[in-house]
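**Student:** test case, fold it:
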Amino acid sequence: MSFTIVDETTPRLNRSELSVPGISTRFLERAAISPADIVLLDLEDSVAPDDKMAARENVIAALNDLDWEDRTVSVRINGLDTPYMYRDVVNILEKAGAHLDLIMIPKVGTASDVYAVDMLISQIEQATGLKKRIGLELLVETALGMRNVEEIAAASKRAESLHFGVADYAASTGARTTNIGGPDPNYHTLTDPDDKDRRERHWGDVWHYPLSRVVVAARANGLRPVDGPYGNIQDAEGFRSQALRAAALGCEGKWAIHPSQIEPANELFSPTREEVALARRILSAMRDARRDGRAAVSLDGRLIDIASIRQAQVMVKKARQIGSRGRVRGENTARRRSSARKVKV
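**Tutor:** The predicted structure follows:
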């Protein structure tokens with residue numbers, strides 16, 4: 001290991017992050033009883049300019065009046081280049097900060113963007129005596145942000161997660177697509193012709209490079225990397241494919257822009273029982289090896305060593321975290337459904 005130790009951020013489940021438009025009180029109420037790990041109350045892209053102030057008041061009322069229980073709640077504020085951002089932060093923290101966990105900064109372009117919001121939050125906390133420390137979610141969705149992603153990920157001790165926003169990133173880079181996530185048939189390679197002059201077409205992952213950069217920058221700074229939305233809400237198989245590819249790259253979870261995407265995200269970003277069982281066997285085998293003075297051992301015909309321990313520990317830790325959350329949800333579901341109050345608007 002390097003002499004530089006990476007401090008991990010606040011441990012939270014982040015398998016599914018449900019984005020909810022702040023203008024819809026009906027959606028806010030439903031989000032409070034959803035199975036999402038994190039609920040993201042959105043004031044930015046899903047809210048029209050004329051509805052910005054009304055959405056802000058809806059979000060404040062929802063934070064104060066709804067029973068969010070063990071859910072992590074985040075608010076996506078408007079961009080730093082808009083006239084809405086400072087009031088989003090000031091009004092929400094002053095009026096409902098005790099019920100908020102995270103603030104998401106959209107379209108982060110430089111580390112200074114993160115510093116500016118961090119400073120504003122710190123001043124509000126000091127002025128109001130807010131005891132709960134607000135974390136930051138950083139949304140990278142422009143060419144400028146991707147160029148500066150390493151500095152952005154290291155910009156604030158409040159930062160908890162780094163997200164890849166594919167739609168705005170595609171627009172920023174001039175990509176020839178109108179889809180929100182997913183593959184592009186134009187991004188492919190052709191095999192050489194066979195003896196009958198036939199060629200096969202192999203699609204590539206056009207978003208592999210930026211998402212990989214986000215994962216590396218996040219992990220190098222102890223943050224949770226999270227994949228953004230998949231726009232075709234009717235394509236369940238496509239969502240699962242994109243979620244699995246994100247999980248394979250190291251993402252903690254994925255956005256859900258429709259309730260139907262929550263459970264698949266929770267499932268696909270959770271280790272299976274078989275994977276957890278194998279991880280526990282690895283840890284047990286390595287304990288036995290250490291007792292005998294060995295640094296490596298064979299298990300089921302495969303070599304396992306110190307690196308295997310680290311992988312297994314991550315798997316078992318995630319399983320414990322999910323198991324604890326599941327018990328809380330199972331015990332409290334009935335009470336939560338009966339006690340969730342209407343948003344006062």
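**Student:** let me know the secondary structure of the nearest residue to Arg76 once chain neighbours are set aside.
**Tutor:** Nearest residue to Arg76, sequence neighbours excluded (C-beta to C-beta, 6 or more residues apart in numbering): Met104, at 4.1 Å. For the C-beta atoms, the positions are set from N, CA and C on the backbone; glycine is no exception. At Met104 the chain is in strand, as set by DSSP: H, G, I helix; E, B strand; the rest coil.
**Student:** so what's Met104 up against?
**Tutor:** 40, 74-77, 136-139, 163 (C-beta atoms under 8 Å, 6 or more residues apart in numbering).
**Student:** for those residues, pick the one with the most neighbours.
**Tutor:** Counting neighbours by other C-beta atoms under 10 Å, His163 comes out on top of these with 31 neighbours.
**Student:** what's the distance between it and Ser24?
**Tutor:** 22 Å (C-beta to C-beta, to the nearest Å).
**Student:** center of the chain, which residue is that?
**Tutor:** Val226 (3.4 Å; C-alpha atoms, centre = their mean).
**Student:** spit out the contact partners of the closest residue to that residue other than its chain neighbours.
**Tutor:** In space, and not counting its chain neighbours, Val226 is closest to His163: 4.6 Å by C-beta to C-beta, 6+ apart. Residues in contact with His163 (C-beta under 8 Å, 6+ apart) are 104, 137-140, 214, 225-228, 255.
**Student:** circling back: distance-wise, check the residue nearest to the centre of the chain relative to Gly97.
**Tutor:** Applying C-beta to C-beta to Val226 and Gly97 gives a distance of 23 Å.
**Student:** ok now the one helix or strand Pro225 maps to, how far from the chain's centre?
**Tutor:** Element membership for Pro225, per DSSP states H and E: strand 224-227. Averaged C-alpha coordinates place strand 224-227 at 4 Å from its chain's average position (C-alpha atoms, centre = their mean, to the nearest Å).
**Student:** skipping its backbone neighbours, what lies nearest Thr110 in space?
**Tutor:** Asn148 (5.3 Å).
**Student:** contact partners for the nearest residue to Phe164 once chain neighbours are set aside?
**Tutor:** When the adjacent residues along the chain are set aside, Phe164 lies closest to Val214, with 4.6 Å between them (C-beta to C-beta, 6+ apart). Val214 makes contacts with 140, 149, 162-164, 225, as judged by C-beta under 8 Å, 6+ apart.
**Student:** quick check, nearest of those residues to Cys251?
**Tutor:** Pro225 (4.9 Å; C-beta to C-beta).
**Student:** that closest one reaches Glu252, doesn't it?
**Tutor:** Yes. Applying C-beta atoms under 8 Å as the test, Pro225 and Glu252 come out as touching, 6.2 Å apart.
**Student:** who touches both of these two?
**Tutor:** Common neighbours of Pro225 and Glu252 (C-beta under 8 Å, 6+ apart) are Ser161.
**Student:** which SS class is Pro11?
**Tutor:** Assignment for Pro11 (three-state DSSP): coil.
**Student:** so the closest residue to it other than its chain neighbours, which state does it fall into?
**Tutor:** Nearest in space to Pro11, with sequence neighbours left out and distances taken as C-beta to C-beta, 6+ apart, is Gln321 at 6.8 Å. The three-state assignment at Gln321 reads helix, by three-state DSSP.
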